[in-house]
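Asks: Kindly generate the corresponding structure for this input.
(one chain, ligands or ions: 1)
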Amino acid sequence: MNRIGIDVGGTKIAAAAFDADGKVVFEKRIATPKSYEEIVEAVVSLAHEAGPGNIGIGAPGSSGRDNLWRNSNIVLCNGRPFHGDMERAIGRTIRTENDVNCFVLSEAREGAGEGFGVVAFFTIGTGLGGGLVIDGKLLRGANGEAAEFGHMGMPWLTEAELPPIQCFCGKPGCVEMYVSGTGLRQDWRRAHGEAVDGPEIVKRARAGDENAKAAIARLQDRFARVIGNIVNCLDPDIFVMGGGLAELPELVEELPAVAARYSFSGKAEPRIARAQNADAGIRGAALLWN
Ligand SMILES: [Zn+2]
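Replies: This next block holds a predicted model:
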């Protein structure tokens, strides 16, 4: 039986079918339509084009206990019975999952985390997403809120980091407000009083600008504190980094030595690797049936 993965994103919907050996036998991507009904229709037509097989769908957000979709940045899916609507419209039993969790599952099983027991995953771009896979299984948690690393409290705030930055989730001082592209922008505003976006700060740092290099160093130290905090709780076998900012060596290759300082012993150097599969979202959606 083929496995079909469909990744519903804010700008595009991508689908692929994999045969029993994991080989891609169908692939298609389309622009994400502007209404909920059209999104459902688009997924149905991709599912039928992909042919027979087990279907997994990944999308931002998650299903609550009331079976309504929530916390999605594709806001028109929020409050809708996304899973039920898709299943009814496609006419087959399907599985749905948070898109970051799909990415994590793929990286843990057939990417950078392959062969490791406890895999902690970060996707660091504009925001900060997290995931945990233990012995090949996603840890969702009793309320479906496990591994929301971005919304833990930022550990060990310094004088300069006070008062805590207000998060969009309503709490003060969430990790995402410090460790992300948004965090870089917030940091720059505090340090220099002007609005500069994360990617521009990275560009300036690469060009040798001292202020920008200092901002990246602060980002590295904050990320190291978060990693140290997770080590003190779970001590994962490997951390896998995805997302645009994971291109920075400061946040992958150079991070273990800094993070070690924040472990209880001050010496526990975590293993940190970069994500390997660009199409891990679709691969992970298809893996929901394995
Ligand atoms: Zn928050």
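
Asks: Which positions in the stretch 151-290 of the chain make contact with the ion?
Replies: His151, Cys167, Cys169, Cys174 (C-beta under 5 Å from the ion). For the C-beta atoms, the positions are set from N, CA and C on the backbone; glycine is no exception.

Asks: Does the third one touch His151 like I think?
Replies: Yes: proximity of Cys169 to His151 meets the contact threshold set by C-beta atoms under 8 Å, at 5.6 Å.

Asks: Show me what Glu97 bridges to in the sheet.
Replies: With DSSP bridges applied, Glu97 shows beta-bridge pairing to Gly58.

Asks: Could you list the residues in contact with the lowest-mean-pLDDT helix or strand in the chain?
Replies: When the helices and strands of the chain are scored by mean pLDDT, DSSP states H and E, strand 62-63 comes last with a mean of 84. Strand 62-63 is contacted by residues Trp69, Arg70, Asn71, Phe82, His83, Thr96, Glu97, Asn98, Gly144 when judged by C-beta atoms under 8 Å, 6 or more residues apart in numbering.

Asks: List the beta-bridge partners for the first one.
Replies: In this entry, Trp69 is beta-bridged to Ser63, by DSSP bridges.

Asks: Thought His83 was touching it, still the case?
Replies: Yes: the criterion here is C-beta under 8 Å, and Trp69 meets it with His83 at 7.5 Å.

Asks: For the closest residue to the ion within the stretch 1-150 of the chain, give me its contacts.
Replies: The nearest approach of the stretch 1-150 of the chain to the ion comes at Gly150, 6.7 Å away (C-beta to the ion). Counting by C-beta under 8 Å, 6+ apart, Gly150 touches Gly127, Leu128, Gly129, Gly130, Cys174, Val175, Glu176, Val179, Ser180.

Asks: Now for the second one, how many residues are close by?
Replies: Just to be clear, that refers to Leu128. Neighbour count for Leu128, taken as other C-beta atoms under 10 Å: 27.

Asks: Contacts only, for it.
Replies: Leu128 neighbours (C-beta under 8 Å, 6+ apart): Phe122, Phe149, Gly150, Val175, Glu176, Val179, Ser180, Gly183.

Asks: So which bits of stretch 232-242 are buried?
Replies: Pro236, Ile238, Phe239, Val240, Met241, Gly242 (16 or more other C-beta atoms under 10 Å).

Asks: Convert the C-alpha atoms of it to CSV, please.
Replies: Coordinates of each C-alpha in stretch 232-242 appear next as CSV, following Å, rounded to 0.1, in the frame of the first residue of the first chain:
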residue,chain,number,x,y,z
ASN,A,232,18.2,19.4,33.0
CYS,A,233,14.7,17.9,32.5
LEU,A,234,15.1,15.3,29.7
ASP,A,235,18.7,15.1,28.7
PRO,A,236,17.8,14.1,25.1
ASP,A,237,20.1,11.9,23.0
ILE,A,238,20.1,14.5,20.2
PHE,A,239,18.7,18.0,19.4
VAL,A,240,17.8,18.5,15.7
MET,A,241,17.6,22.0,14.4
GLY,A,242,15.4,23.0,11.4
